[in-house]
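# Predicted coordinates and the sequence they were generated for:
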Amino acid sequence: MAVELVIFDCDGVLVDSERISVRVGTAALRRLGWTIDETEYAERFVGCSNEYWDEQVGQTPPGWYEQISQEYTAAIKAELCAIGGIESALDRLDIPYCVASNGRHAAIRDSLEVTGLAPRFDGRVFSAEDVARGKPAPDLFLHAAATMGAPPESCVVIEDSPFGVTAAMSAGMRCLAFAGGLTPPSRLTGLGATLFHDPATIPELIADLV
């Protein structure tokens, strides 16, 4: 079926934020007494929903979340950049596209604005805040597709985490999985997605799916 909509994840696909998130998150959990390193943190939490995070972390002291938010926001403003090759891909896409992220709207907006990508997605930003369940449930991708007027089978999702790939498969969508980020390719293999390493090749990869 012809591709009518491309749905991009944000963190790790459009913006290189996951290294920042892992660093800040690992430090925060260590302050709670967790014995966890950045590799384990990435495996357990990259791409997860806010609900999953809250369930795993459990009780926290007063002000803990506020401190994480302040640390993450400061690091984003100082360090964040777009994923290499993604702007070239967006420039050459002749198919409607949007972003659908497990992040909160405010965080997605900040990331897109800092990297200069915001104008490309104006009015086409979807968050797990918009649905009952975030990824790995299919709700967010189905909501984005319905709002954009595209049937699920005509959508291609660009993801980088097992949570996101699982959500795309559950939504009945085709998926391209970026294997050049923090998630080891071995964790993306066998989930039903087509793996790739260079974001600049996304338009050609999509054309090959038709």
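Structure's in. What do you need?
# what sits against Met1?
Going by Cβ atoms under 8 Å, 6 or more residues apart in numbering, Met1 touches 153-154, 210. Just so you know, the C-beta spots here come from the backbone N, C-alpha and C atoms, and that holds for glycine as well.
# actually Ile7, not the one I wrote
Contacts of Ile7 by Cβ under 8 Å, 6+ apart are 97-100, 141, 144-145, 155-158, 168, 173.
# and the end-to-end length of stretch 145-155?
With Cα to Cα, to the nearest Å applied, stretch 145-155 spans 7 Å between its terminal residues.
# For the helix or strand hosting Gln70, enumerate the helices and strands it packs against.
With secondary structure defined by DSSP states H and E, Gln70 is part of helix 64-79. Judged by 3 or more Cβ pairs under 8 Å, 6 or more residues apart in numbering; DSSP states H and E, the packing partners of helix 64-79 are helix 18-31, helix 105-115.
# Which residues does the lowest-mean-pLDDT helix or strand in the chain contact?
None of the helices or strands of the chain scores lower by mean pLDDT, DSSP states H and E than helix 50-57, at a mean of 87. By Cβ under 8 Å, 6+ apart, the list of residues contacting helix 50-57 from outside reads 29, 32, 44-45, 102, 104, 128, 133-134.
# Buried members of these into ChimeraX, please.
Selecting the buried subset of the contacts of helix 50-57 in ChimeraX, with 16 or more other Cβ atoms under 10 Å as the burial test, is done by:
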select :29,45,102,128,134
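# and the two most separated of the contacts of helix 50-57?
Between any two of these, the greatest separation by Cβ to Cβ is 25.7 Å, found for Leu32 and Arg133.
# Any figure for the gap between Trp64 and Ala78?
Distance, Trp64 to Ala78, by Cβ to Cβ, to the nearest Å: 22 Å.
# just Ala145 next, same as before
35 Å.
# Also Gly181?
20 Å.
# Helix or strand: which one has Ala177?
Using DSSP H and E, the element containing Ala177 is strand 174-178.
# What helices and strands are in contact with that strand?
Strand 174-178 packs on strand 155-159, helix 162-170, strand 194-196, helix 202-209, going by 3+ Cβ pairs under 8 Å, 6+ apart.
# Contact partners for Ile206?
Ile206 touches 3, 6, 93, 95, 156, 176, counting by Cβ under 8 Å, 6+ apart.
# Name the SS class of the fourth one, please.
Using DSSP: H, G, I helix; E, B strand; the rest coil, the structure places Ile95 in coil.
# from what I can see it touches Glu4, true?
Yes. With contact defined as Cβ atoms under 8 Å, Ile95 reaches Glu4; the gap is 6.9 Å.
# With distance to Gly85 as extra columns, can I get the contacts of helix 50-57 in a markdown table?
Shown next, in a markdown table, are those (distance: Cβ to Cβ, whole Å):
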| residue | distance to Gly85 |
| --- | --- |
| Leu29 | 32 |
| Leu32 | 37 |
| Arg44 | 28 |
| Phe45 | 25 |
| Asn102 | 23 |
| Arg104 | 26 |
| Ala128 | 26 |
| Arg133 | 31 |
| Gly134 | 27 |
